[in-house]
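**Student:** Need coordinates for the following:
(6 chains)
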There are 6 protein chains.
Amino acid sequence: MKVVTFGELMLRLAPAGYLRFVQSNKFEATFGGAEANVAVSLANFNQEVKFVSKLPSHEIGQMAVNSLRQFGVDTSEIVRGGDRVGIYYCEKGASQRPSKVIYDRANSSIALAKKEEFDWDKIFKDVDWFHFTGITPALSKEVALICEEACKKAKERHINISCDLNFRKKLWSNKEANEVMSKLCEYIDICIANEEDAKDVFGIEASGTDIESGKLNKDGYVEVAKKLSDRFNFKYMAITLRESISANDNNWSAMLYNAKDGQAYFSKKYAMHIVDRVGGGDSFGAGLIYAFRNEYKEQDAIEFAVAASCLKHSIEGDYNMVSVNEVKALVNGGSSGRVQR
Amino acid sequence: MKVVTFGELMLRLAPAGYLRFVQSNKFEATFGGAEANVAVSLANFNQEVKFVSKLPSHEIGQMAVNSLRQFGVDTSEIVRGGDRVGIYYCEKGASQRPSKVIYDRANSSIALAKKEEFDWDKIFKDVDWFHFTGITPALSKEVALICEEACKKAKERHINISCDLNFRKKLWSNKEANEVMSKLCEYIDICIANEEDAKDVFGIEASGTDIESGKLNKDGYVEVAKKLSDRFNFKYMAITLRESISANDNNWSAMLYNAKDGQAYFSKKYAMHIVDRVGGGDSFGAGLIYAFRNEYKEQDAIEFAVAASCLKHSIEGDYNMVSVNEVKALVNGGSSGRVQR
Amino acid sequence: MKVVTFGELMLRLAPAGYLRFVQSNKFEATFGGAEANVAVSLANFNQEVKFVSKLPSHEIGQMAVNSLRQFGVDTSEIVRGGDRVGIYYCEKGASQRPSKVIYDRANSSIALAKKEEFDWDKIFKDVDWFHFTGITPALSKEVALICEEACKKAKERHINISCDLNFRKKLWSNKEANEVMSKLCEYIDICIANEEDAKDVFGIEASGTDIESGKLNKDGYVEVAKKLSDRFNFKYMAITLRESISANDNNWSAMLYNAKDGQAYFSKKYAMHIVDRVGGGDSFGAGLIYAFRNEYKEQDAIEFAVAASCLKHSIEGDYNMVSVNEVKALVNGGSSGRVQR
Amino acid sequence: MKVVTFGELMLRLAPAGYLRFVQSNKFEATFGGAEANVAVSLANFNQEVKFVSKLPSHEIGQMAVNSLRQFGVDTSEIVRGGDRVGIYYCEKGASQRPSKVIYDRANSSIALAKKEEFDWDKIFKDVDWFHFTGITPALSKEVALICEEACKKAKERHINISCDLNFRKKLWSNKEANEVMSKLCEYIDICIANEEDAKDVFGIEASGTDIESGKLNKDGYVEVAKKLSDRFNFKYMAITLRESISANDNNWSAMLYNAKDGQAYFSKKYAMHIVDRVGGGDSFGAGLIYAFRNEYKEQDAIEFAVAASCLKHSIEGDYNMVSVNEVKALVNGGSSGRVQR
Amino acid sequence: MKVVTFGELMLRLAPAGYLRFVQSNKFEATFGGAEANVAVSLANFNQEVKFVSKLPSHEIGQMAVNSLRQFGVDTSEIVRGGDRVGIYYCEKGASQRPSKVIYDRANSSIALAKKEEFDWDKIFKDVDWFHFTGITPALSKEVALICEEACKKAKERHINISCDLNFRKKLWSNKEANEVMSKLCEYIDICIANEEDAKDVFGIEASGTDIESGKLNKDGYVEVAKKLSDRFNFKYMAITLRESISANDNNWSAMLYNAKDGQAYFSKKYAMHIVDRVGGGDSFGAGLIYAFRNEYKEQDAIEFAVAASCLKHSIEGDYNMVSVNEVKALVNGGSSGRVQR
Amino acid sequence: MKVVTFGELMLRLAPAGYLRFVQSNKFEATFGGAEANVAVSLANFNQEVKFVSKLPSHEIGQMAVNSLRQFGVDTSEIVRGGDRVGIYYCEKGASQRPSKVIYDRANSSIALAKKEEFDWDKIFKDVDWFHFTGITPALSKEVALICEEACKKAKERHINISCDLNFRKKLWSNKEANEVMSKLCEYIDICIANEEDAKDVFGIEASGTDIESGKLNKDGYVEVAKKLSDRFNFKYMAITLRESISANDNNWSAMLYNAKDGQAYFSKKYAMHIVDRVGGGDSFGAGLIYAFRNEYKEQDAIEFAVAASCLKHSIEGDYNMVSVNEVKALVNGGSSGRVQR
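**Tutor:** As a prediction, the model looks like this:
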């Protein structure tokens, strides 16, 4: 059985090391996008996974496809056509200087895709899990409809649906997000969010937390998860908890809320030296999907997901390049970074 | 007195060396565009030159501005705003494998620019030369109108107008080009074209020439120049003559036609080992403008322009990084490439 | 229906540009091997192709697998295990300085592989073509036996078998090669060789040719093809003809001999500026397989194969990164290297 | 109105990353120098700024000019001539290993410049601020005289004069520095120093401070500022306070002393992970000049200057590549380094 | 008088920066090996030192020789022959992600070397110190015998013998190590170990220590040193004490035990930000040998050795590129990383 | 017995590939200098060779020393001291664009060296060959005196003396060169020159030759050799003959004149595709010295020297990285550049 993820795959253009954009005459050219990141992460956990999107048939589109294919992601359902691969420029922050992302994703092949280009019955053959994030329906009204159709089809086939709220203010307003996501959330079994999404999309805020200062209040997040789960009938809600100390240092943990029994499970907290934090949330989602598909208990699931995403922060690029064994080693206490010979 | 050039400046993304796109995970990030290339080339000839365009105010837009500013081009009349810098991906060919260019320039800041954003009276203060190419009016209907207004204003001020036909079939059809360029050509004093443009834009072909095979017929080009000059009342028409032997080896020469006396001047022909041929035509235009502004005689002018653009083919990137002295040295016979200590 | 190729995939370590080994502190790390090169080439021609080998399960083995997977080669039948990925160090020559290859491939996973690790019935499901080269049986006695078994199984299933003689004097003696290849040739339908292989393996030499000086005698090669085809009952024999002028400049053509009617077809000859000549022969093999599987006539087949491999010489690395359309464009006369916009 | 800065611009040659000199066969080639750094920093704050120096007319001199021009610094008053661009080699330290700078700046064009080459009346047209550092008069006796003349001319025109003491023991002795700087300080309105300069140049030491151990005594610095301000009639004196914990970690703050009312203003202190600390002091000076020219109150001025230079430490190269908005964001508490999308 | 070290020198292939293997298409190519690292370190301390090994005569072997020669190591006694240079692939860890080493060293020239190839009487001419580590005898049974012969010959000549236990579980079992090292330890004057070696080789464990958690118990290590010194009659035993907090942060100190008087000397402890920790132990050994050869007192010796190896952790590659003066500066308190101009 | 060469070793800073200076923000940092180039070349021919010079004791000086040491050159007689390593900036030409060298070598350690720093009796122990070039005495009057002393001492010890005239117009005038070289030539046994030196230094020109156009007249060079040999009593005079077709293509040959019998020996002529031509003449000198020291006959000697320097043109950097076997292979006809496996 396979996992399907659906969304946009972008070209990521980044200066080397800590150079600022205006100091650069070379860009690292990698690829990334929330749902593709989840797909690669799952492929690296030896899960069968298919990424669905639309990409141009020219060579830049092919580079994007190859970037997934090399890690074993099934790309056979990617529609080929349209003119452009969406781009994001990414400058790495350091110390007090924040990282910076400039999007140039409008009018990409997927943003202009048509509903009839995706045959969900064919896509969902032999599939037991469907994942997307709030970025996908934000790409265009049409893509939001495609998302909805995918959810319906998945529901019919009793496929598990997970969604990371992933609010992007450059793509839509809070109001638009609320409207669309409220409809899609009806289909979702497992909802994932970071410490800000619930507020941005649904106006539901964790009390006693100051995001900017990095202080987080645990109880507030349980409350948020309960409210959303009650409203949308989620089975589980997971919230990642990032404490930003500087661009180089973050603390990282998460909570998993079981809506059935109202129990909340908090993970261990990791103090991370960051190599690259883009894709951190996606690697958490992938860890959680892995854990659920492999029938981990709640505490084990959240520990696995957090450890997986903790390791992502030590890896360049959007994709999380870690194996199940490496995640388990960290869960089991191997955080000392001793050389493995 | 200054030169003004008007057009689009794009981000050029190119794999290193002879790598193909699908082999690359890094791109050289330089900037280029027909009219900006002319501007930089003129700045390197110590001409005062101002480039007019529209570029986003974000850092990628700033990189584009800086790329001109470093060589001394006046960028104070570039309108800042809009969302994106146009992009072109460029793969270098070798031997029998041709170079490849993929454009992603739709919806760039300049393509979406409005007429009222450009104050040509201000722009043309202390200016004696205006240059653009057929690419600029092809960007959008609005930009075509802006071009027309610029031409009118230039004409009123007795500013010399040069234009390189530069037909781009990805931007418009032959028919559209014909329509728009026919109107603009009325204003043009000096028309520049390569061995294919006249046919593509106006359906006027040099007889006895087979572009693909690299065989060119001199007389045919005189004929073409005469026809176009007669129709549009050009003072001069210059045609570059490229013989493509392989992606690495080209022969390069050009012709200058004086409409007044019907005299045609052919330059020396150079056998070039190519480092980078993008921008070759633009460097020719810049050479010609330099020669005319410095009152070279026809034969000297065409020799200077061809030598300048011959040197461009030995230089990476769109911009021609050569000085007047270097061009003169080549004109005077220094083509042996002996080390200068 | 799929193609299967079987052989070793090595890590290729090469200094940048024209640096010599002793000048380097960085190596380009790509992958290559005769049969894997054929597989990638075919995948780039949109053929379904499966590469069979043995590679370690550690990350270096994974890099090798990914290098194929990214281009769409099916790697599901690669046995994972053993300790090492074979290596070859490759220094690029220039002008009068020849390229240099240092092998460090002994004791690789595939060289130590056991017969029982390969289930050819499973491998050959839905397969219509099997390709290997003389390098594979030279890896070890056991691997020679595996080759033989593969040939037998293929024959039973009426799968076409092609083999490139590819003599490597560092792997075995002429005598050993003769012995083993004589046995394997009984199974082969289409035999490929370069201008030296027939002599090295079977002692059959084209008369009137001096390899080192680059002078080749056409009739001699027809003779060689006839002799070998008669002896081993080949349907076709193809011989590539390289004239080495310098490390940078080679002439390249080939001959296809139809054993049934004794007709020989010679291709056009290309004068190449070489970017990377390693894998040149393999890309020829892939071109020929493509042509035969797509029922090209003899002359068309040899032109396609030679044009495909001509383009390979303009591409870095072992793998031929060209599409069918690009090859056809060259066959149809587009060798002028004009920019494709 | 413009700012003028006057000094040397050097070629900075640095190994990549943390490589030591003896491990390197490549150097990053950027440019820097105390006064040029201030100029670029101010240009990035959208201040009109002119850098005055002397640089050779050859290409290496041109590279230096272009490095300023790209960021919008006016280079029209740089005298062109002489033979060499001064060089400094710079090796980045890590952990307990200190950074290392090797100077090769003797006999540079500016060090050998003549007084008559600078026409200060022309240079100071439309100028309201003049800045130099103690490095400039240390370059040669003649350059010290040029500095003095510049100060006199600036004074006559009621231009504000700021100076960073910037003692360099490789350029002159404490005694020479004392002599020359004592004379120049008579002209200075705003004096800037680091925690060691006052002692090195004037023998005035902050009591209770141990530089090497990183312990600094606030009161001692107020005392130093008072003594110097009284002696030279400064309007303001600013002292940067660096606590070096390791090559990677420094604390950074500063004090601004208003001589008129004897009030001292201490900034917030930042714990920095250092990317590149060269130019840290210069970015402070630029921040202070910006704040004064924009009529910030004392506390706001010192906070702006310290935040600006804090950000510099996260940026490669001598030049501070930050905007006023970025500095303000840090001043206003945004030090968590969260990604800006 | 010279030092001799004996062992394997390997090619180290490492991705750039923090890239994982599967993200890389380039490898840094440096060289390293425990005993060669000691040799280079000593050469950088201006000690005369000769490295003994066997390396192929081809260019990769030559690269290995040159890597030592450039730093002044005498390579005249390296036997040239055999087929391969051993390789190790090295991926740098970050934060919670550990570094990873993959060995491909079997069948290297030295591993297949024969006893008769080494003439120890010649090698030990004018030598007063012989150093090897537990890796050397683990390469093969024959090499273990060569080690034994070298020890005997050294003993006869009253040459000091130092050995770092350096247990490598990929090369031999604990049992094999115990057997061979028990014999060799009879010859050793100064034994060096890390916090795990004594347990791995001789089953002697420091009580009260949990390596993985990074908690170390000082008394336990004195006990271990005493037990081993008593058993093998060592004059000194030194144990390095690493506390791994993360892949980026380690604490580093060591103990020197004088067997004659039972006194233990503990060094200062350094909190290190790690650039590259491979070779850390070797640089300690080199520091100790330097200190003993220069008749440092015990406390001074252990401080020098620890400071030297602390600095190594800030340097890329296996080799410690620091001078005696730099080590002394750190011993004397200069750990603040202030720029040295 | 050893060879001694004496001269300056400079840091060579060069943009990557064909980039112009003003396009670069990185420099390749290698080392070179006429006499050092000869030394490395000879070391690569397995000759014992000592390079004598003066270099600073700082790390940049050490980099220079290490660059020689890695190839086995004896650096023990290099005086350490002074402040700077001379620099030359080197931009590689292509096609009609010439290469460009900018010198920044004034006031280097060797240029300011004193006579008493060199103990020629010690230096010349066990030496049978002394080589320098016309660059060395041009460095300063003092260094010219040192050269003279070295020549005297060499003569006394019956050491062979070879000198390459190597006129550098940036270092001295033709008149100065004539004066100094006339004195030094009295000591020289074997004089080497390129096709222009004799004219530049002694005003003796080969008739019928036009350097710039690349046409050379053989007889003219015999005449020149005869004149100079007669005047200075040379035993042999060798003249290299370069025909520059473009920066990428040169023809290369040479003549050896035996003064005793007046016989001239012309080598084969090579058509070279140039990778890097700097150091081409030096590699010729080294080849000639090797040939003479190994008692080659005249024709063999000139063939060896020309083939060695032909190969140099295919190698990046100043140093010729080729072995005797590689040179012999070329002499014996192996110029086809076929891959060596």
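**Student:** Which of the three states applies to whichever residue of the stretch 151-300 of chain A sits closest to chain D?
**Tutor:** At 2.8 Å from chain D, residue A:247 is the closest residue in the stretch 151-300 of chain A, using CB to the nearest CB. Placement of C-beta: from N, CA and C, glycine included. Of the three states, residue A:247 takes coil under DSSP: H, G, I helix; E, B strand; the rest coil.
**Student:** What about whatever residue of the stretch 201-341 of chain A ends up closest to chain B, how many residues nearby?
**Tutor:** Nearest residue of the stretch 201-341 of chain A to chain B, counting by CB to the nearest CB: residue A:317, 9.5 Å away. Residues near residue A:317, counting by other CB atoms under 10 Å in any protein chain shown, number 25.
**Student:** Likewise for the one 10 residues further on?
**Tutor:** By other CB under 10 Å, the residues close to residue A:327 number 26.
**Student:** Verify the stated contact: it with residue A:306.
**Tutor:** No: counting by CB atoms under 8 Å, residue A:327 stays clear of residue A:306, with 9.5 Å between them.
**Student:** Now the common contact residues for those two.
**Tutor:** Common contacts of residue A:327 and residue A:306 (CB atoms under 8 Å, 6 or more residues apart in numbering or on different chains): residue A:287.
**Student:** Show me where the stretch 201-341 of chain A has its helices.
**Tutor:** A:218-232, A:280-293, A:298-312, A:324-331 (DSSP state H, counting those that start in this stretch).
**Student:** Any stretches of chain A with poor pLDDT?
**Tutor:** Flagging of chain A using pLDDT under 70 yields the residue ranges A:209-216.
**Student:** Could you tell me the single residue of it that sits nearest to chain C?
**Tutor:** Counting by CB to the nearest CB, chain A gets nearest chain C through residue A:70, at 3.5 Å.
**Student:** Tell me the residues on the stretch 201-341 of chain A that lie near chain E, please.
**Tutor:** A:270, A:272-275, A:307, A:310-311, A:313-317, A:321-322, A:326, A:330, A:333-341 (CB under 8 Å from any CB of the partner chain).
**Student:** In ChimeraX, how would I select just the buried ones from the residues you listed?
**Tutor:** A single ChimeraX command selects the buried members of these (16 or more other CB atoms under 10 Å in any protein chain shown):
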select /A:270,272,273,274,275,307,310,311,313,314,315,316,317,321,322,326,330,334,335,336,337,338,339
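**Student:** quick one: which of the residues of the stretch 201-341 of chain A next to chain E sit in strands?
**Tutor:** A:270, A:272, A:273 (DSSP state E).
**Student:** In JSON lines, list the residues you listed along with distance to residue A:219.
**Tutor:** Shown next, in JSON lines, are these (distance: CB to CB, whole Å):
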{"residue": "A:270", "distance to residue A:219": "21"}
{"residue": "A:272", "distance to residue A:219": "24"}
{"residue": "A:273", "distance to residue A:219": "29"}
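**Student:** Wait, residue A:159 touches residue A:129, no?
**Tutor:** Yes: applying CB under 8 Å, one finds residue A:159 in contact with residue A:129, separated by 6.3 Å.
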